[in-house]
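In: Sequence and predicted model, in that order:
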Amino acid sequence: MVGRESSSHRLAVLGLASVGLAALMGAPALAAEWETVSEWACEARICQRVSQRGVYLTLELQSRLEQPTYIVLEPVDLSNVKPLETTPFVLRLAPGETRTAGQLAIQDVKKSHAYRTKWRVLPGDPHAVHDDRWHYRMPFGGTSPITVSQGYDGPFSHNGLGAYALDFPMPSGTPILAARGGSIAEVIDDKLESRIRTGENEGDNRVVIEHADGSFAIYAHLRHGGPARVGQHVESGDLIGLSGDTGFSTGPHLHFEVYTIRSDGRRQTLPVQF
């Protein structure tokens with residue numbers, strides 16, 4: 001691949017070689033009887049290969065990342081080939097998973113063909129639509145009321161695409177519970193303390209849960225040593241961590257937000273009902 005935004009001339013060359021063989025055979029009708037498969041070509045731990053069977057080119061992707069991810073793959077600079085599905089191809093890959101992204105078809109097997117693919121990694125499905133009928137439970141345990149220190153459109157940091165976020169101040173070690181069930185998509189658990197005191201805007205410990213509709217929830221500034229693991233399924237009310245003040249935090253609190261991923265990879269927070 002040529003960088004993260006493009007596919008491989010190497011794969012296209014393999015395809016051309018295969019078409020050349022078919023043309024030399026002089027038997028387009030026999031094209032479905034042979035198959036070639038390229039080697040994996042990897043960039044940023046996402047790998048791609050192409051198998052050709054007759055006139056069909058099947059594009060496969062494999063993730064070697066440690067968390068689920070979405071890949072947007074777009075065939076470009078097409079010469080004598082056409083996609084068989086709507087492009088760009090969008091697919092979700094679990095860690096270590098291999099899946100077919102899409103297929104191309106060679107239009108004339110007697111002629112050479114060429115193509116490239118551009119791809120980008122997104123942390124969520126850009127086509128996801130949040131189910132606004134859903135009611136979330138409060139994302140913490142206990143029976144004592146907790147005051148919101150910064151709500152929607154908060155003046156300190158809840159603005160722009162991140163406007164629909166909530167900060168709940170609470171004692172360090174308060175149980176943090178899943179506000180909605182889903183699959184844990186990301187866990188960061190290597191921070192020990194707040195960095196705001198040193199002026200460093202370092203990331204925080206967090207758990208990210210992917211919901212059935214493709215939206216996500218972030219539970220941030222958690223204490224080190226939580227129980228959550230990537231790929232784990234949780235139900236509403238399950239323990240996923242303990243509150244803390246890691247990262248850019250002025251004191252122990254929980255930052256909670258629900259969001260979807262835009263096509264440019266940025267998070268779009270959403271207002272939700274509790």
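Out: That came through fine.
In: now the strands: where do they sit in the stretch 101-250 of the chain?
Out: Under the criterion DSSP state E, counting those that start in this stretch, the stretch 101-250 of the chain contains strands at 114-122, 165-169, 175-177, 182-188, 206-210, 216-220, 233-234, 239-242.
In: would you turn these into a markdown table with mean pLDDT and distance to residue 139?
Out: Any C-beta I mention is one placed from the backbone N, CA and C, and that applies to glycine too. Shown next, in a markdown table, are the strands of the stretch 101-250 of the chain (pLDDT from 0 to 100; distance: least, C-beta to C-beta, whole Å):
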| stretch | mean pLDDT | distance to residue 139 |
| --- | --- | --- |
| strand 114-122 | 92 | 25 |
| strand 165-169 | 94 | 8 |
| strand 175-177 | 97 | 6 |
| strand 182-188 | 94 | 13 |
| strand 206-210 | 97 | 10 |
| strand 216-220 | 97 | 6 |
| strand 233-234 | 98 | 12 |
| strand 239-242 | 97 | 9 |
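In: and residue 53, which of those is closest to it?
Out: Minimum separation from residue 53 across the strands of the stretch 101-250 of the chain (C-beta to C-beta) falls at strand 114-122, 16.3 Å.
In: for the chain, which spans come out with low pLDDT?
Out: 1-33, 194-202 (pLDDT under 70).
In: and the strand of greatest length in it, what other elements does it pack with?
Out: If you go by DSSP state E, the chain has its longest strand at strand 69-79. In this structure, strand 69-79 makes packing contacts with strand 46-53, strand 56-63, strand 89-93, strand 98-106, strand 114-122, judged by 3 or more C-beta pairs under 8 Å, 6 or more residues apart in numbering; DSSP states H and E.
In: Could you name the helices and strands sitting against the third one?
Out: To tie it back to what came earlier, the one meant is strand 89-93. Checked by 3+ C-beta pairs under 8 Å, 6+ apart, strand 89-93 has strand 56-63, strand 69-79, strand 98-106 packed alongside it.
In: quick one: strands adjacent to the shortest one?
Out: Partner strands for strand 56-63, per DSSP bridges, with pairing direction: strand 46-53 (antiparallel), strand 98-106 (antiparallel).
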